[in-house]
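Undergrad: Quick check, what structure comes out for this input:
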Amino acid sequence: QVQVAEFGGGMVQPGGSLRLSCTASGSRFNSYIMGWYRQAPGKQRELVAVIRGDHSVTVADSVQGRFFIDRDNAKNTVYLQMNKLKFEDTAAYYCNAELVQYFEGGGAFATDYWGNGTLVTVSS
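TA: Alright, predicted model coming up:
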């Protein structure tokens with residue numbers, strides 16, 4: 001069982017910045033696929049950014065150039081730096097840790113672990 005916890009939410013004015021952090025337990029953190037997702041009121045949860053063990057990233061178009069994801073394997077921590085925040089970035093932000101097991105002869109099985117979320121409110 002992997003424990004995931006988010007930190008750093010809060011209220012910020014439009015145009016401001018905020019950095020979220022997320023820790024995930026376990027000795028194999030460097031192999032976890034770590035992701036940030038968000039869910040605004042009345043909307044479905046959506047991908048914000050993902051960073052893999054090789055540090056390759058995928059970032060949603062809506063936050064491209066404003067949000068940056070990074071990881072520190074020594075601290076079992078992933079970060080989401082959010083800049084130039086907009087009203088529409090208001091949401092609960094969730095951290096996800098995905099563990100992939102590969103089997104001999106092919107095939108893989110993924111297990112997802114989620115944090116409880118942290119609220120980000122962009123308001124003037």
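Undergrad: What separation do you get for the residue nearest to the spatial centre of the chain and Phe68?
TA: For the chain, the residue sitting closest to the mean C-alpha position, by CA atoms, centre = their mean, is Trp36 at 1.9 Å. Taking CB to CB, to the nearest Å as the measure, Trp36 falls 11 Å from Phe68. C-betas here are computed from N, CA, C, even on glycine.
Undergrad: what's the overlap in contacts for the two?
TA: When contacts are counted by CB atoms under 8 Å, 6 or more residues apart in numbering, Trp36 and Phe68 are jointly contacted by 49, 80.
Undergrad: Within the helices and strands, which one has the residue nearest to the centre of the chain?
TA: Secondary-structure assignment from DSSP states H and E places Trp36 in strand 33-39.
Undergrad: Show me which positions of that strand end up buried.
TA: Of all the residues in strand 33-39, those buried under the rule 16 or more other CB atoms under 10 Å are 33-38.
Undergrad: what pairs with it, and is each one parallel or antiparallel?
TA: Applying DSSP bridges, strand 33-39 is found paired with strand 46-51 (antiparallel), strand 91-102 (antiparallel).
Undergrad: related to what we said a few turns ago, name all residues that make contact with the spatially closest residue to the residue nearest to the centre of the chain that is not a sequence neighbour.
TA: Once flanking residues are discounted, Trp36 sits nearest to Val48: 4.3 Å by CB to CB, 6 or more residues apart in numbering. Taking CB under 8 Å, 6+ apart, we find Val48 in contact with 35-38, 59-60, 63, 67, 69, 80, 93.
Undergrad: try 7 Å
TA: 36-38, 60, 63, 67, 80 (CB atoms under 7 Å, 6 or more residues apart in numbering).
Undergrad: List phi and psi for Phe7.
TA: phi -140, psi 150 (degrees, to the nearest 10).
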